[in-house]
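J.: Sequence isn't available, so here's the structure alone:
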């Protein structure tokens, strides 16, 4: 019988202790961010989708079309094409397509690039109405960015 | 055990738990044969998120398989990453710099805490308590922020490389981790007051879903499930790897074998993880984080290699067979929760349905890891 009352009192007390903690946190400041009114800044190493890096002076892509990123990709989501312009010695990038639908954001492409020609985007608000919206033409994006 | 459940003489019925049931935490289906509220038989049905990770390992290079390891158990991704790089380093004979090993331990233990915190929240949620989940997520968020600042992602971390790490940590991470240890130590008493000492939780978990050490051995259960049944087995202690032998920590063991014991093992483990991280931060040496002379194209010598690590849910073993080329010949992943779930059919026999769900929660299942 005494065990019963002991459990009853102990149990009731434990509920009030728990309630006390809830009250303690009730008056503490809010920890959540009111998205989308407030947004967080992504840290520098954030792995978003990839983006081509343009030359600081000319704005042309730094990519030399070596194809290492294409080879490194586990899901074959990078397609790039290049050609040698007449009279030129180096290959010039003509198209860089990222199929973001199969990209797993592993970052092996950026790691394999010896020329720092690709980087991670900080964009995480990705939404699109169709599948095509995720076939990124990175060369076009770079041109639009550099104007 | 209920007499009816032991020898069902009345009509039984089949109840489908899942594959879209919140208590199964993913797409696990359990076919329950019920006698009223009592379970006569439970048969887990797997395969809803099978993605052929083992087969994927056989058609891509050693490096390319790395992101897959983070997608097995998405709550404790770094342990799996660690297991994979460890066994390939073993095959290649690569020496890992000490700083890299310490940073591996720091990040993997932080990940273990994050995994246990999520389990804690979700488990209490299964039992009907909503608030603890929010506290647990608040703390977990700090770990995710820390790990995101070094690895670049919040869940599918892929931080280790063959021979070291992909990049070094900065001072912000080190001070942030120390601040977090302090913070969580202050919060843990709150967790215990709010949940562990709560009479409802105690009554729901004590003497419910008792697993004997014999049953755990029979099904190959490892991790907190095994330690909750009184078997002192932890790969970090029994087959030490990385720099664990240099760190002082205990392995919590409870002999009761009930759901409460498994709960306590995990809660004590959070404490021990904090100790490990603190010591590793104190001992963190300077130096490089990547071994020199790591070949660009990996071709481990032909042979059969096995390595195991202690993941948040138990022993994660990985066996690789190399035929000397840059693509693995065979990749066998031994995931802990598959074995932990296997005992569910036998263990849940005769339990009330809500108690069986408490038992399932205490096993800490991650379905994508079971299915692979």
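T.: Happy to help now that I have it. All values derive from a computational prediction rather than experimental measurement.
J.: Domain ranges for chain A, per the record?
T.: A:1-31, A:50-146 (automatic domain parsing).
J.: now, of these, which is deepest in the fold?
T.: Compared across these, domain A:50-146 shows the largest average neighbour count, a mean of 15 (mean count of other Cβ atoms under 10 Å in any protein chain shown). C-beta here means a position set from N, CA and C on the backbone, and glycine is covered the same way.
J.: what's the first-to-last distance across that one?
T.: Start to finish, the residues bounding domain A:50-146 are 16 Å apart (Cα to Cα, to the nearest Å).
J.: Is there proximity between it and chain B?
T.: Yes: judged by Cβ under 8 Å from any Cβ of the partner chain, domain A:50-146 comes into contact with chain B through A:72, A:73, A:74, A:104, A:105, A:106, A:107, A:108, A:111, A:120.
J.: Sheet-wise, list the partners of the longest strand along chain A with their directions.
T.: Ordering each strand of chain A by length in residues (DSSP state E) puts strand A:92-99 first. Looking at strand A:92-99 with DSSP bridges, its partner strands are strand A:78-83 (antiparallel), strand A:135-137 (antiparallel).
J.: Turn the ones you listed into a markdown table, columns for mean pLDDT and distance to residue B:353.
T.: Below are these laid out as a markdown table (pLDDT from 0 to 100; distance: least, Cβ to Cβ, whole Å):
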| stretch | mean pLDDT | distance to residue B:353 |
| --- | --- | --- |
| strand A:78-83 | 84 | 50 |
| strand A:135-137 | 85 | 48 |
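J.: for chain A, which residue is closest to the average position?
T.: Centroid-nearest residue in chain A, with Cα atoms, centre = their mean: residue A:48, separated by 1.9 Å.
J.: helix or strand for that one, which one?
T.: Secondary structure assignment for residue A:48, by DSSP states H and E: no helix or strand.
J.: Verify the stated contact: it with residue A:119.
T.: No: the pair residue A:48 / residue A:119 is not scored as a contact, 9.3 Å apart, by Cβ atoms under 8 Å.
J.: Work out for me the element residue B:14 sits within.
T.: In this assignment (DSSP H and E), residue B:14 forms part of strand B:13-17.
J.: quick one on the thing from earlier: pick the one among the residues of domain A:50-146 next to chain B closest to residue B:342.
T.: Nearest to residue B:342 among these is residue A:104, at 29.5 Å by Cβ to Cβ.
J.: burial of the residue lying closest to residue B:155 once chain neighbours are set aside, as a residue count?
T.: Nearest non-adjacent residue to residue B:155, counting by Cβ to Cβ, 6 or more residues apart in numbering or on different chains: residue B:74, 5.4 Å away. Residue B:74: 15 surrounding residues under other Cβ atoms under 10 Å in any protein chain shown.
J.: got the contact list for residue B:74?
T.: B:155, B:156, B:366, B:368 (Cβ atoms under 8 Å, 6 or more residues apart in numbering or on different chains).
J.: ok, the first one - how many residues close by?
T.: Residues lying near residue B:155 (other Cβ under 10 Å) number 14.
J.: Now the closest residue to residue B:192 other than its chain neighbours: which helix or strand?
T.: Nearest non-adjacent residue to residue B:192, counting by Cβ to Cβ, 6+ apart: residue B:267, 7.4 Å away. Here residue B:267, judged by DSSP H and E, is contained in helix B:259-283.
J.: and what of residue B:133?
T.: Going by DSSP H and E, residue B:133 is in helix B:131-151.
J.: what separates the top helix by length along chain A from the chain centre, distance-wise?
T.: Secondary structure of chain A read by DSSP state H shows that its longest helix is helix A:2-26. Offset of helix A:2-26 from its chain centre (Cα atoms, centre = their mean, to the nearest Å): 45 Å.
J.: what does that helix contact?
T.: With Cβ under 8 Å, 6+ apart, helix A:2-26 has contacts from B:131, B:135, B:190, B:193, B:194, B:195, B:197, B:198, B:199, B:200.
J.: Which ones among those map onto helices?
T.: Residues of the contacts of helix A:2-26 located in helices (DSSP H): B:131, B:135, B:190, B:199, B:200.
J.: Just the buried subset of those, please.
T.: Among the ones in helices among the contacts of helix A:2-26, those classed as buried by neighbour count (16 or more other Cβ atoms under 10 Å in any protein chain shown) are B:131, B:135, B:190, B:199.
J.: Name the surrounding residues that touch stretch B:36-49.
T.: B:2, B:4-5, B:8, B:12, B:19, B:26-34, B:341-342, B:344-345, B:348-353, B:356, B:367-368, B:370-371.
J.: From start to finish, how long is that stretch in a straight line?
T.: 31 Å.
J.: Mean confidence (pLDDT) on that stretch, please.
T.: Averaging pLDDT along stretch B:36-49 yields 86.
J.: Pull out the buried positions in it.
T.: Buried-residue list, stretch B:36-49, by 16+ other Cβ under 10 Å: B:38, B:39, B:40, B:41, B:42, B:44, B:46, B:48.
J.: So which of these belong to strands?
T.: Filtering the buried residues of stretch B:36-49 for strands - DSSP E - leaves B:38, B:39, B:40, B:41, B:42, B:44.
J.: separation between the first one and residue B:356?
T.: Right, the one you point to is residue B:38. Taking Cβ to Cβ, to the nearest Å as the measure, residue B:38 falls 9 Å from residue B:356.
J.: next one: the second one
T.: In this structure, residue B:39 lies at 5 Å from residue B:356, with Cβ to Cβ as the measure.
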